[in-house]
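A.B. asks: Here's my sequence, what's the structure:
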Amino acid sequence: MKKIKAFTLLELVIVVMIIGILSAALLPVLTNQVLKARIARTKNDIRVLETAISRFKIDTGEYPPSGSDITDNVATGNGYLSRFLRHEPQAMDVDVGVHEDDDIYEFIMRIQEYWDGPYIEVPREQLDFEGYPDQTEGIATSLDETARSTGRGEPAGSDPNNQQILDAFREPFRYINHNDYEEYMGTERDPDDPFAQTETYYNAQTFQIVSGGQDLISLPAPEIGLDKDDITNF
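C.D. replies: A predicted model of the protein is given here:
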């Protein structure tokens, strides 16, 4: 009977070392491919949002409001964008007393006759039903302030004006209507930009959509401008 030759301990160690070396060499490549895929999907999601917003504008004559329904009057995420692109507006579900003014109520009264959506369908896994629970101006400045660190939430009982559409990095897009650039810190053109003399902001007459990218951070001007990895529609 022929004996079967077994591996020696040294041979097994060498095999494990080779596998380890190959894994270490391939990991950065695989990580880079995942990052590229997320960037590509986020860019595509922005194009889809632009199309939906344009259709909304054609029907109603207006762009959706900036930000979300939170306590601070800042451009937080895209809660109102999500709400008005995905759901039929109804004036009766707006408690005017909750808001500092009647802007959203008046907006709904103006557009509800012309709304012909929904203008976009968003998979449940791409929605955050809690928005920004920390309400720290709604713009992620560190991992601790991102929505991801506080959980995704559930649709039941959530605020429909604070449900966020997420990018491929699992963070809400930041959406600002051009009417709110100054108040909500829209992204300004670089001073060296040849159009900066007459146009302070990018997309001067439309809207801005920004993803914080891989580092999840997106700070608007005038603080530090855009991060180099931010993904935008301008």
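A.B. asks: just for this structure, where's the confidence low?
C.D. replies: Under the criterion pLDDT under 70, the flagged ranges of the chain are 1-7, 26-31, 70-76, 91-101, 130-158, 216-226.
A.B. asks: how about the helices in it?
C.D. replies: Secondary structure of the chain (DSSP state H): helices at 9-60, 79-86, 103-111.
A.B. asks: Adding distance to Thr187 and mean neighbour count, write these out as TSV.
C.D. replies: Where C-beta positions appear, they are placed from N, C-alpha and C, glycine not excepted. Written out in TSV, the entries for these read as follows (distance: least, C-beta to C-beta, whole Å; neighbours: other C-beta atoms under 10 Å):
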stretch	distance to Thr187	mean neighbour count
helix 9-60	14	13
helix 79-86	17	25
helix 103-111	23	15
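A.B. asks: Looking at the ones you listed, which is nearest to Asp128?
C.D. replies: The closest approach between Asp128 and any of the helices of the chain, judged by C-beta to C-beta, belongs to helix 79-86 at 9.3 Å.
A.B. asks: by contact count, what packs against that closest one?
C.D. replies: For helix 79-86, the packing partners by 3 or more C-beta pairs under 8 Å, 6 or more residues apart in numbering; DSSP states H and E come out as helix 9-60, strand 164-165.
A.B. asks: now the helices of the chain as TSV including distance to Gly117?
C.D. replies: Written out in TSV, the entries for the helices of the chain read as follows (distance: least, C-beta to C-beta, whole Å):
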stretch	distance to Gly117
helix 9-60	7
helix 79-86	7
helix 103-111	10
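A.B. asks: Out of those helices, which is closest to Asp215?
C.D. replies: When those are compared for distance to Asp215 using C-beta to C-beta, the nearest one is helix 9-60, at 11.3 Å.
A.B. asks: Could you check the angle that closest one makes with helix 103-111?
C.D. replies: Put simply, helix 9-60 runs at 60 degrees to helix 103-111, going by axes from the mean of the first three to the mean of the last three C-alpha atoms, to 10 degrees.
A.B. asks: circling back to that earlier point, so for Gln208, which of the helices and strands packed on helix 79-86 sits nearest?
C.D. replies: helix 9-60 (10.4 Å).
A.B. asks: Show me what that closest one is packed against.
C.D. replies: Under the contact rule (3+ C-beta pairs under 8 Å, 6+ apart), helix 9-60 is packed against helix 79-86, strand 207-211, strand 231-232.
A.B. asks: of all the helices of the chain, which lies closest to Arg189?
C.D. replies: When these are compared for distance to Arg189 using C-beta to C-beta, the nearest one is helix 9-60, at 19.1 Å.
A.B. asks: what's Arg38 in contact with, if anything?
C.D. replies: By C-beta atoms under 8 Å, 6 or more residues apart in numbering, the residues touching Arg38 are Ala168, Phe169, Gln214.
A.B. asks: I'd like the residues you listed laid out as TSV, including neighbour count and distance to Glu88.
C.D. replies: What follows is the contacts of Arg38, written out as TSV (neighbours: other C-beta atoms under 10 Å; distance: C-beta to C-beta, whole Å):
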residue	neighbour count	distance to Glu88
Ala168	21	28
Phe169	20	30
Gln214	15	36
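A.B. asks: which of these lies closest to Glu113?
C.D. replies: Closest approach between these and Glu113, by C-beta to C-beta: Ala168, at 35.8 Å.
A.B. asks: For Thr51, see how far away that closest one is.
C.D. replies: 18 Å (C-beta to C-beta, to the nearest Å).
A.B. asks: Quick check: bridge partners of Val210?
C.D. replies: For Val210, the beta-bridge partners are Arg174, Thr232 (DSSP bridges).
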